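Chemist: build me a structure from this.
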Amino acid sequence: MRKSPMPSNALLLDLDGTLVDSLGDIAASVNAVLAERSLPTHSVDAFRRMVGDGIGALVQRAAGVGPGSDLDELLAAVRARYDEHMLDQTAPFPGVVDTLHELRRRGIPLAIVSNKPHDKTRRMVDHLFPDVPFGIVLGDRDGVERKPDPASSFEAARALGVAPDDCAFVGDSDVDMLTARAAGMRAVGVSWGFRGADELRRAGADQIIDRATELLELVG
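Modeler: Below is the predicted model:
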């Protein structure tokens, strides 16, 4: 880890694997599409290594196909299936909702920066966190590089009115830690997510937390 923990003035948060446990719905949607085409399906646990880089990379890894018409057709089918079932099982991790409310009560600016498609990111946040006033919610959008590129993180920091080096970026994967480093933000990993503490350490996490309530200790 690169530096000792210092209080941050704002939190940028990943969504899947950090705030919400969405792995079951992701796995079920992709597996349903694969099964319809007589392609091999995967255990829910296997999807831990497939998610994090956007839906295109997820489907490509799950189906074992390269770019082209087959991938395009699979992507369209998975998008449609997931749009119908993305909230069947997905729920916030324990303690997340109360902690987010306490952070806002203390006046801490919050943003979400995700590689989930933007429309689905916005829909999930509106459904699961309807009373949490996030300053900005950003998903994967056309024309904007996805994480670990820092573009969306810089956009979020500007929207919150906070300098990047006054922000902590909180996530569950190497992609999130690399995003934090690219943006010059404090890199905070959550051990309860999809990937685990070892990956977070290897990716350069400044700090790893084990419970949602520890988010309160990140801020001044």
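
Chemist: which positions within the helix or strand R61 falls within qualify as buried?
Modeler: Using DSSP states H and E, R61 falls within helix 55-63. Residues of helix 55-63 classed as buried: I55, G56, L58, V59, Q60, R61, A62, A63 (neighbour count, 16 or more other CB atoms under 10 Å). (Glycine included, C-beta is placed from N, CA and C.)

Chemist: so where do the helices sit in the chain?
Modeler: 23-36, 55-63, 69-85, 96-105, 118-128, 151-160, 174-183, 197-202 (DSSP state H).

Chemist: average pLDDT for stretch 55-70?
Modeler: Per-residue pLDDT over stretch 55-70 has a mean of 83.

Chemist: do the same with stretch 190-201
Modeler: Taken as a whole, stretch 190-201 has a mean pLDDT of 94.

Chemist: what of stretch 126-140?
Modeler: Stretch 126-140 shows an average pLDDT of 97 in the prediction.

Chemist: please save the CA atoms from it in PDB.
Modeler: Only the C-alpha atoms of stretch 126-140 are listed here, as PDB (Å, rounded to 0.1, in the frame of the first residue of the first chain):
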ATOM      1  CA  ASP A 126     -32.800   4.900  -8.300                       C
ATOM      2  CA  HIS A 127     -34.400   1.600  -7.300                       C
ATOM      3  CA  LEU A 128     -32.000   0.600  -4.500                       C
ATOM      4  CA  PHE A 129     -31.000   4.000  -3.100                       C
ATOM      5  CA  PRO A 130     -34.000   6.200  -3.800                       C
ATOM      6  CA  ASP A 131     -33.300   8.400  -0.700                       C
ATOM      7  CA  VAL A 132     -29.600   8.800  -1.100                       C
ATOM      8  CA  PRO A 133     -28.700  12.200  -2.700                       C
ATOM      9  CA  PHE A 134     -25.700  11.300  -4.800                       C
ATOM     10  CA  GLY A 135     -24.000  14.300  -6.400                       C
ATOM     11  CA  ILE A 136     -23.600  12.400  -9.700                       C
ATOM     12  CA  VAL A 137     -24.100   8.900 -11.000                       C
ATOM     13  CA  LEU A 138     -22.000   7.800 -14.000                       C
ATOM     14  CA  GLY A 139     -22.000   4.500 -15.900                       C
ATOM     15  CA  ASP A 140     -20.500   3.400 -19.100                       C
END
